[in-house]
Every structure is written in C-alpha cells, then in structure tokens.
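**Student:** Got a predicted structure plus its sequence, pasted below:
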Amino acid sequence: MRWLPNLLTLTNAFFGCLALLFIHDLNLEYLSYCIGVSLLCDLFDGYFARKLSVASKMGKELDSLADIISFGIVPGALIAKIGFLVSNPIFLIGFLITLGSVYRLARFNTEKSQLNYFIGLPTPANTLMILGLAWGIYDYELFQIINTDKDTLLSPFSVFLIFTTFLSIFFMNSKLKILSFKILPKHRISWLLRGGFILTCLILLINFRMTALAFIIPLLLFISILEQKFLKNKI
C-alpha cells in the first residue's frame, strides 16, 4: 500500500490531462467529472501518505507537478477557450492564470504548512470558481451574447474576463488567510461563520447547480476576511 499516495497523485495528473481534451470541445459535464476526480485524488494523496508514514520530498514535488496540470493548466486553458470565443487576442489572458497558479504552488512548497488555514486561495478552489463561471455562461446561454462581441477587442465580456483573471491571480498569491476545514475551529464565531457558509453553499447548489461554484469561492474569501476581522491574531 506504500504506492497508494503516488498512484493517487498520478491519477490526479491523468484526469487533468483528460480534462484538457474536454475543454477543446467545451464538454463541461465530462470536464467537471475530471476536475472532481483530480480534486478527490489531491485531497487524499497527502492523507494516505501521512497515514501510511510514506510522506517524502519526492511525493510533495510530484503532488505540485500534478496540481500544475489539473489546477494550473486546466483553468488557464478553460479561460483561454472562452476568451477565444470572444476575440482572438483575448484568449491569451487565460494562461496568466496558469502562471499565477505555478507561482502560488512554488510559494506553497517553500512556506510552512498550516492546518487551520491556507495562505492565499488554493489552486483547486480557484479552478472550481473558473469552472462555475464556465457553467454560468453555458446554463444562461451567454455564448450567444459572446458571439455578438466576437470582433470587439474590449467588449464588456472581454473586460469581465480580464478582471476575473487578475482577481484570480491576486487572491491565489495574496497573504489572505483562507478558511480550512481540516481541523475543528476553537472559537464560537468560527463555528457560526463555517455553519453559515455551509448552509449558504447548499442553498446555492440547489438553486444554481454547478454555476454556484462561481459564487461559493468568492463567498469563502468573504467569510475568511470576516473571520480575520473578528478574531484578528487568534487564528
């Protein structure tokens, strides 16, 4: 069983590669499955490495390389694909997310890990937000609006994509302490904020399905800022 963590990490990378094929056809259903599998593998590879006492420097590096594919290249390629539908030059903006993700992962590897919070928005969460945005465009048939602006370099939708891209990069590489659910919180306000967050997530998912991800991740950022404000240096 010592091989299980690395197998999960490689499975993460495999489904990240597979996701790129579905981005080409904008098959959001199968893309979501691939990202979901990658996310589960990313959650459990470290867990099993610790449980089996096989955590290693190689495993850590392998995990980061797999994450670059699944949570760096994939969201960048998805924004690039959507941008290509708007106008040819705009699609290049998507790969700035890939660069921002690579930088964030490199920084994560050099910083002391924390159990009760993340420093900056994790790349998997950022990928889910981008996926939710794509589903919103699909569910509400915004592709028809996009096509009308195809020849306009700085159409409203192009500006929105640019804004979303830079906001994504900023939060991934910020010093903001993002809520982590790895351990139980010690403070009552943390319980209330997390409970409210989970309840709101359920309501959003019921009403907006996959599009809800585009709201849930910004909500996570907002709740994290609130917790810092109330607890200050206690977290």
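**Tutor:** Yep, that arrived.
**Student:** Which neighbouring elements make contact with the longest helix anywhere in the chain?
**Tutor:** In the chain, with assignment by DSSP state H, the single longest helix is helix 28-51. Judged by 3 or more C-beta pairs under 8 Å, 6 or more residues apart in numbering; DSSP states H and E, the packing partners of helix 28-51 are helix 4-24, helix 57-68, helix 74-86, helix 123-139. Yep, even glycine has a C-beta here, placed from its N, CA and C like the rest.
**Student:** who touches the third one?
**Tutor:** Yep, that's helix 74-86 we're talking about. With C-beta atoms under 8 Å, 6 or more residues apart in numbering as the test, helix 74-86 has contacts from 16, 19-20, 23-24, 26, 31, 35, 38, 90-99, 101, 123, 126-127, 130-131, 134, 137, 143, 146-147, 149-150, 155, 157-158, 161, 164-165, 168.
**Student:** Could you tell me the angle between it and helix 28-51?
**Tutor:** 160 degrees (axes from the mean of the first three to the mean of the last three C-alpha atoms, to 10 degrees).
**Student:** The helix or strand that helix 74-86 is followed by packs against which elements?
**Tutor:** Proceeding N to C from helix 74-86, the next assigned helix or strand is helix 94-110, under DSSP states H and E. Packing partners of helix 94-110 (3+ C-beta pairs under 8 Å, 6+ apart): helix 57-68, helix 74-86, helix 123-139, helix 156-172.
**Student:** quick one, the second one and helix 57-68 angle?
**Tutor:** In other words, helix 74-86. Using the same axes, to 10 degrees: helix 74-86 against helix 57-68 is 20 degrees.
**Student:** So which bits of helix 74-86 are buried?
**Tutor:** Buried positions in helix 74-86, judged by neighbour count with 16 or more other C-beta atoms under 10 Å: 74-83, 85-86.
**Student:** so can I have TSV of the helices and strands packed on helix 94-110 showing distance to residue 2 and mean pLDDT?
**Tutor:** TSV is the format used below for these (distance: least, C-beta to C-beta, whole Å; pLDDT from 0 to 100):
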stretch	distance to residue 2	mean pLDDT
helix 57-68	11	92
helix 74-86	29	90
helix 123-139	25	95
helix 156-172	32	91
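**Student:** Dump those helices into CSV; add distance to residue 221 as well.
**Tutor:** Listed next are the helices and strands packed on helix 94-110 as CSV, based on distance: least, C-beta to C-beta, whole Å:
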stretch, distance to residue 221
helix 57-68, 20
helix 74-86, 16
helix 123-139, 9
helix 156-172, 6
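**Student:** I'd like to know which of those lies nearest to residue 201.
**Tutor:** Between residue 201 and those, the shortest gap by C-beta to C-beta is with helix 123-139, which sits at 11.4 Å.
**Student:** one step back: tabulate the helices and strands packed on helix 28-51 in TSV, adding columns for distance to residue 51.
**Tutor:** As requested, the helices and strands packed on helix 28-51 are exported to TSV (distance: least, C-beta to C-beta, whole Å):
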stretch	distance to residue 51
helix 4-24	9
helix 57-68	13
helix 74-86	28
helix 123-139	21
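**Student:** Of all the ones you listed, which one is nearest residue 49?
**Tutor:** helix 4-24 (3.9 Å).
**Student:** what about the chain, any weak spots by pLDDT?
**Tutor:** In the predicted model of the chain, residues 87-88, 113-115, 143-154, 184, 233-235 satisfy pLDDT under 70.
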